[in-house]
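[1] Need a 3D model of the following:
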Amino acid sequence: MWEYPCVLCTAVAEKGKSLYNGKSKIGRDGVDTMKNSRFVWKDQKKLRTGYTTGSCAAAAAKAAARMLFSGSEVRQVSLMTPAGICLYLDIERIEIRKGWVRCAVKKDSGDDPDVTNGVYVYASVERNDSGDIRLDGGEGVGRVTRKGLEQKVGEAAINQAPRSMICYAVREEMEKAGYAGGVDIVISIPGGDVLAQKTFNPRLGIVGGLSVLGTSGIVEPMSERALTDTIYLEMKMRKEEGCGCCYLVPGNYGEEFLRENIGYKGEQAVKCSNYIGEAIDYALRLSMEGILLVGHAGKLVKVAAGIMNTHSRQADGRMEVLAAHAAMAGVRKDTVKRIMDAVTTLEAIEILEEEGVLGQVMRTVMERIEYHLRQRAGNGLEIAAVVFTKEKGILGKTSEADDLISRIQEMGR
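    Residues are numbered from 1 along each chain as shown. Okay, here's the model as predicted:
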């Protein structure tokens, strides 16, 4: 159980009060006529925002507390989020018993492809004689099993901002009702244990369910923040478990390569997706000793051009890199053109192989990858890279790659 921290909760509320712009339109029945709709633009698309599991939990807890103390059903509550946006959320699945109330809010992720969209987030509030607000997770809310996360091992995976929102909302209702006792709050998400398998929770050592998340209370569609936060958390966990060095892989190809070629057992790699630059920055922030970037040529060749976000919508440059290095290796003009016209990295690599310059090209490409990685990392981090394809195996290593492999393996023993 986690007890109410009044300072944090008050800070969340004060931030909301100071940021709220008052633009929502409230009809005569007290219902928000804009129905919580806000929009953002992503990649030339207008997308609807949603609200987090943390906002759902806080609103459900607020409604449950109000019903507990008033004895009357509540069908909608307002909730000021840390982002300064006031939500008006419908309350469903109400159960009222003597000294205990439970209700739910249905999660709306807007246009974000979130696995929790449409789930019901429940809160139960029950009187106790302790005088404290005690918060815990129930069915479908995960438990922390590894160090490095916001909550201690054994606690419910309810992050700090949602905890503060939940407790502040309930404290307000207690004060309005003049109630001086304590309450037990339990947040649950039925079916969360199944949904959690589709999230990063298993990698983070959160078992048995979902996390209750949301620093702002608002879901921004296609947000990169959630992904980069996970990179930071994974790396922080590796550091706190005694691994000052780790592998950094963009995705499943990198992990498969490590298993098949280096005997990797699945505990020392951090997935960085396309966010190589951010991952390096996090390693520096956490004072990691070293990271070894292991990835498919289709992504890592871009790093030779200084591209640190390898998503295709940010930049490409694969063929330009390979064509330029092929030209330095002395290939003919028509070969440079063939490389530039290639559709895939593998096609370009096979052209280089036909011309007998693949090894030479990859040596200079790896030199540029090493240069740009070191530029980003500075002097505070040992950094290296291994580039491969499934068809050709290892295509190149930077100068310190073998040393880092040995160090990471030694740490894993």
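
[2] helices and strands of the chain: which one bottoms out on pLDDT?
    helix 6-19 (a mean of 37; mean pLDDT, DSSP states H and E).

[3] Need the three-state assignment for Val386.
    When classified by DSSP: H, G, I helix; E, B strand; the rest coil, Val386 comes out as strand.

[4] how much space between it and Gly396?
    8 Å (C-beta to C-beta, to the nearest Å). Heads up, the C-betas are built off the backbone N, CA and C, glycines and all.

[5] Next: Asp90.
    56 Å.

[6] Determine which member of these two has the greater number of neighbouring residues.
    Gly396 (24 against 16; other C-beta atoms under 10 Å).

[7] Per-residue confidence, the more buried one, what does it come out as?
    Here the pLDDT value assigned to Gly396 is 96.

[8] List phi and psi for the residue lying closest to Glu172 once chain neighbours are set aside.
    Nearest residue to Glu172 in three dimensions, chain neighbours excluded: Lys62, at 7.4 Å (C-beta to C-beta, 6 or more residues apart in numbering). Torsion angles at Lys62 (phi, psi; degrees, to the nearest 10) stand at phi -60, psi -50.

[9] Now do the same contact list for Lys62.
    Val77, Leu79, Ala169, Val170, Glu172, Glu173 (C-beta atoms under 8 Å, 6 or more residues apart in numbering).

[10] Could you find the closest non-adjacent residue to Val321?
    In space, Val321 is closest to Ala304, 4.8 Å off (C-beta to C-beta, 6+ apart).

[11] hang on, Ala348 in a strand?
    No - counting by three-state DSSP, Ala348 falls outside a strand, being helix.

[12] Any idea what Val270 is bridged to?
    Leu248 (DSSP bridges).

[13] Measure how buried it is and give me the count.
    24.

[14] Next: Gly118.
    10.

[15] Repeat that for Gly142.
    Neighbours of Gly142 (other C-beta under 10 Å): 26.

[16] got it, and the one 10 residues further on?
    For Lys152, the neighbour count with other C-beta under 10 Å is 9.

[17] One more: Gly84?
    16.

[18] Is it part of a helix or strand, or is it coil?
    Secondary structure state of Gly84, per three-state DSSP, is coil.

[19] That one and Ile218: what is the separation?
    9 Å.

[20] Can you list the low-confidence ranges for the protein?
    Scanning the chain for pLDDT under 70 picks out 1-47, 113, 221-223, 265-266, 412-413.

[21] And for this structure, the residue most distant from the center?
    No residue in the chain sits farther from the centre than Arg332, which is 46.2 Å out by C-alpha atoms, centre = their mean.

[22] residue contacts, that one?
    Neighbours of Arg332 in contact, by C-beta under 8 Å, 6+ apart: none.

[23] Ile231 too?
    Val270, Lys271, Cys272, Ser273, Tyr275, Glu278, Ala279, Tyr282.

[24] Next, count neighbours for the nearest residue to Lys392 once chain neighbours are set aside.
    Once flanking residues are discounted, Lys392 sits nearest to Ile349: 6.4 Å by C-beta to C-beta, 6+ apart. Using other C-beta under 10 Å, Ile349 has 23 neighbouring residues.

[25] pretty sure Thr335 is in a helix, no?
    Yes - membership of Thr335 in a helix is supported by three-state DSSP.

[26] what kind of secondary structure is Val321 in?
    Under three-state DSSP, Val321 comes out as helix.

[27] what's the burial count for it?
    Neighbour tally, Val321, other C-beta under 10 Å: 24.

[28] who touches stretch 341-356?
    By C-beta under 8 Å, 6+ apart, the list of residues contacting stretch 341-356 reads 296-298, 301, 318-319, 322-323, 326, 331, 335, 338-339, 358, 361, 389, 391-392, 395.

[29] Okay, and which of those residues map to helices?
    Among those, the members found in helices (DSSP state H) are Ala297, Gly298, Arg318, Met319, Leu322, Ala323, Ala326, Thr335, Arg338, Ile339, Leu358, Val361.

[30] so who does the third one touch?
    Under the criterion of C-beta under 8 Å, 6+ apart, the neighbours of Arg318 are Gly298, Val301, Lys302, Thr345, Ala348.

[31] Distance-wise, check it relative to Thr344.
    9 Å.

[32] Please apply the same query to Gln375.
    Taking C-beta to C-beta, one finds Gln375 at 28 Å from Thr344.

[33] hang on, isn't the residue nearest to Val321 packed against Arg368?
    Yes - using C-beta atoms under 8 Å, Ala304 is in contact with Arg368, at 4.0 Å.

[34] who touches both of these two?
    Val321.

[35] Tell me which of the two has more neighbours.
    Ranked by neighbour count (other C-beta under 10 Å), Ala304 and Arg368 place Ala304 first, with 28 against 18.

[36] who are the neighbours in contact with that one?
    Val321, His325, Val365, Met366, Arg368, Ile369, His372.

[37] so how far is stretch 292-301 from its chain's centroid?
    21 Å (C-alpha atoms, centre = their mean, to the nearest Å).

[38] Please enumerate residues in contact with it?
    By C-beta under 8 Å, 6+ apart, stretch 292-301 touches 245-251, 253-254, 257-258, 269, 274, 276, 303, 310, 317-318, 321-322, 344-346, 349, 365, 369, 373, 383-390, 395, 401, 404-405, 408.

[39] Kindly recompute the last result at 6 Å.
    247-250, 253-254, 310, 318, 321, 345, 384-387, 389, 395, 404 (C-beta atoms under 6 Å, 6 or more residues apart in numbering).

[40] how long is it end to end?
    15 Å (C-alpha to C-alpha, to the nearest Å).

[41] those helices in the stretch 51-200 of the chain, which residues are they?
    Per DSSP state H, counting those that start in this stretch, the stretch 51-200 of the chain carries helices over the ranges 53-70, 160-177, 192-195.

[42] if we can go back for a sec, can you name the two of the ones in helices among the contacts of stretch 341-356 that are farthest apart?
    Gly298 and Thr335 (20.3 Å; C-beta to C-beta).

[43] Quickly note the distance from the residue nearest to Val386 when sequence neighbours are not counted to Phe257.
    Leaving aside its sequence neighbours, Val386 sits nearest to Val294 (C-beta to C-beta, 6+ apart; 4.7 Å). In this view, Val294 and Phe257 are 6 Å apart by C-beta to C-beta.
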